[in-house]
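A.B. asks: Have a look at this fold, sequence not included:
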């Protein structure tokens with residue numbers, strides 16, 4: 001069974017940082033474009049960032065540009081999301097995902113169980 005498992009969420013004060021991790025099991029991430037999206041109660045799903053497998057190009061939502069950085073380690077089969085200068089509006093459950101195409105309007109095709117990020121003082 002192919003799985004993605006997120007970790008690293010938690011409670012952080014505004015202005016703080018967190019790094020989310022995602023481990024892929026039973027398939028190799030090398031061949032996939034990957035991304036992170038988030039879901040907050042009462043709000044639409046937001047595709048936060050994706051990383052294209054072919055050339056490493058990333059696409060970031062305007063709401064997180066210059067604050068969030070996505071990366072991958074193919075040897076470890078891991079995906080990361082480094083989040084800085086966190087704001088209360090970043091509070092959500094964060095999911096890592098695979099996607100058939102990483103572009104400005106990418107769509108997740110498979111994802112993990114999510115990890116909660118809460119930004120509050």
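C.D. replies: Right, received. Where do you want to start? Everything numeric here is computed off the predicted structure, so don't read it as measured data.

A.B. asks: how far does stretch 97-108 sit from the chain's center?
C.D. replies: Put simply, stretch 97-108 sits 12 Å off its chain's centre (C-alpha atoms, centre = their mean, to the nearest Å).

A.B. asks: The residue nearest the centre of the chain: what's it in contact with?
C.D. replies: Closest residue to the average C-alpha location of the chain: residue 36 at 2.4 Å, with C-alpha atoms, centre = their mean. Residue 36 sits next to 20, 22, 48-50, 68, 70, 79, 81, 94-97 when contact means C-beta atoms under 8 Å, 6 or more residues apart in numbering. Glycine gets a C-beta too; all of them are placed from N, C-alpha and C.

A.B. asks: most neighbours, which of those?
C.D. replies: In terms of neighbours by other C-beta atoms under 10 Å, the contacts of residue 36 top out with residue 96 at 30 neighbours.

A.B. asks: neighbours of residue 90, just the number please.
C.D. replies: 22.

A.B. asks: ignore the last one, residue 118
C.D. replies: Residues near residue 118, counting by other C-beta under 10 Å: 15.
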